[in-house]
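Generate a structure from the sequence data that follows.
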Amino acid sequence: MSMEIANNHMGSIILILAFFLDLLIGDPPSLPHPVRIIVLDRCLQRLAPTPEQEKTAGILLAVLIVLSVFLVTYLIEKWVLFSLKGFTRSVGILFLVYLTASTIAAKELLNAGLLVITAVKEGNTERARARLSMIVGRDVQRLEKKAILKATMETLSENLSDGVIAPLFYFILGGPPLAMAYKAVNTLDSMVGYRNEKYINLGWASARLDDLANYVPARVSGFLIALASWIKYRSAVAFSDSLRTMVHDGKKHPSPNSGYPEAALAGALGVRLGGPSTYNGILLEKPYIGQEKTVDYLQSSLDAVSLVRLSSFAGFFLSLVVLLLRALP
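Residues are numbered from 1 along each chain as shown. So this is what the prediction gives:
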């Protein structure tokens, strides 16, 4: 189906409109997000009293949600592009644009990071902690200025992959249906994939599926951050430092994927990220990523926003080029 869309340039049109729609309106809380309607976890937990049954239920949950999202979007796409005509077809295409835009989170990511950084810049540590708590899973109550900025840079880099590059990557591979399926995977991981007592078994399959789905996009994101550093600083040194740090330190992160864009950003900015963090009162000794070459973490965090923005646009343009090349006769 995605090849048919590419052949008549419809995939390119949908992607362009969706990307800029996200930049324009973000993810409005007043609109129903298509992949937020996931309510099976509690029912499955009640039906699976043992750890083994709960793991099986978790596999069933992941398969049911992801497959149903893909199939429903696929049928909608096919109906809109091959059955509707005239005005109704235009409305249907706009709906496909909305669905695709709902998988992209560039505006929300950048705005969330800037809100934290602005609060730090204004000297309002409590407000910065409150805003940071909305975008990270760690405990923030005792974090001071530098730690807040470090956490912000980490989440900017990690979510560049989840919220921007991965949706673009899967859109290229399978159009809106596969982009929506990826978003369902990512949403499942955020809801039940946490490694805590409640979801250790039920969320196992969702967490593993998310790791698999983000393997390539995370590494592409790291490369795009390095490319963005070259563009921003007009420096081959920044580019090579970013790539070198990504290759050397990317695998240090507890996550099989998050460390790569995080390390690329650390290398580009000359900051040291990672280190011990507290989650639900439990201290986790995470390794450090990158080498500290600057003490101005406020400016570095502002530069991080710029690099993530540039990386998002670079990913978008590369995706568009691929779609246009595929549309050639």
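
all contacts plus neighbour counts: C-alpha atoms, from now on.
Fine.

quick check, P256 in a strand?
No. Using DSSP: H, G, I helix; E, B strand; the rest coil, the secondary structure at P256 is coil, not a strand.

got a pLDDT number for it?
Per-residue confidence (pLDDT) for P256: 93.

how many other residues sit next to it?
P256 has 15 neighbouring residues, counting by other Cα atoms under 10 Å.

do the one 4 residues further on as well
Residue neighbour count, defined by other Cα under 10 Å, stands at 34 for Y260.

what sits against it?
A218, R219, S221, G222, M246, V247, D249, G250, K251 (Cα atoms under 8 Å, 6 or more residues apart in numbering).

elements contacting the helix or strand harbouring the first one?
A218 is part of helix 215-233 when elements are defined by DSSP states H and E. With contacts defined as 3 or more Cα pairs under 8 Å, 6 or more residues apart in numbering; DSSP states H and E, helix 215-233 has these neighbours: helix 166-192, helix 236-249, helix 259-269, helix 297-326.

Would you tell me which of those helices gets closest to T88?
helix 166-192 (18.6 Å; Cα to Cα).

hey, which of the helices and strands packed on helix 215-233 is tucked in deepest?
When the helices and strands packed on helix 215-233 are scored by mean count of other Cα atoms under 10 Å, the highest mean neighbour count falls to helix 259-269 (a mean of 33).

pLDDT of it, averaged?
Computed over helix 259-269, the average pLDDT equals 97.

tell me the contacts of L21?
Y98, A101.

Quick one: mean pLDDT for the host helix or strand of it?
Per DSSP H and E, L21 falls inside helix 10-25. Throughout helix 10-25, pLDDT has a mean value of 94.

tell me which residues of that helix are tucked away?
Across helix 10-25, burial judged by 16 or more other Cα atoms under 10 Å covers 10-19, 21-23.

got the residues you listed as CSV, with distance to K145 columns?
What follows is the buried residues of helix 10-25, written out as CSV (distance: Cα to Cα, whole Å):
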residue, distance to K145
M10, 47
G11, 44
S12, 42
I13, 43
I14, 41
L15, 38
I16, 38
L17, 38
A18, 36
F19, 33
L21, 34
D22, 30
L23, 29
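
on that earlier part again, among the contacts of Y260, which one lies nearest to A314?
S221 (9.9 Å).

what's the burial count for the closest one?
Neighbour number of S221 under other Cα under 10 Å is 31.

Roughly how far does it sit from L310?
11 Å (Cα to Cα, to the nearest Å).

and of the helices and strands packed on helix 215-233, who's closest to Y288?
Short answer: helix 236-249, nearest of the helices and strands packed on helix 215-233 by Cα to Cα, at 8.3 Å.

how big is the angle separating that closest one from helix 215-233?
Using axes from the mean of the first three to the mean of the last three Cα atoms, to 10 degrees, the inter-axis angle of helix 236-249 relative to helix 215-233 is 150 degrees.
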